[in-house]
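S.K.: pasted the sequence and its predicted model underneath.
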Amino acid sequence: MTHHENLMLLAEMAPNEHGVVARVDHPEKVLSLIHIGCCPGAEVEVRHAASQEGPMAIHVCGRTVSIRRSAAQCIWVVPAESHAQT
């Protein structure tokens, strides 16, 4: 089993799913998220996800923020179930 098997993109998570940020690809594209603490080790929860490629609302570091789906495509998360098993 490789380390990456438990990871999923934040963009693929459904409302009420949560986990821990494991990796951020292309941090230069999501600097505003990094500045509020959405970086490796941070707990994140999806509060709302619009259909198709619409925006998402996530809760991270005590804040709920709206992000573009393209930004969520840069953030890899260990889902809560996987995180509990490691």
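M.R.: Yep, it's here.
S.K.: what is the neighbour count of Ala14?
M.R.: Counted with other Cβ atoms under 10 Å, the burial measure for Ala14 works out to 7 neighbours. Where you see a C-beta, it was placed from the backbone N, CA and C, and this is true even at glycine.
S.K.: show me what contacts it?
M.R.: By Cβ atoms under 8 Å, 6 or more residues apart in numbering, Ala14 lies in contact with Val46, Ala49.
S.K.: isn't Met13 right up against His48?
M.R.: No: contact between Met13 and His48 fails when scored by Cβ atoms under 8 Å: they sit 11.3 Å apart.
S.K.: of the two, who's got more company?
M.R.: Using other Cβ under 10 Å, the more surrounded residue of Met13 and His48 is Met13, with 21 against 14.
S.K.: give me the pLDDT for the more buried one.
M.R.: At Met13, the pLDDT value in this model is 95.
S.K.: roughly how far does it sit from Leu31?
M.R.: With distances taken as Cβ to Cβ, to the nearest Å, Met13 is found 21 Å from Leu31.
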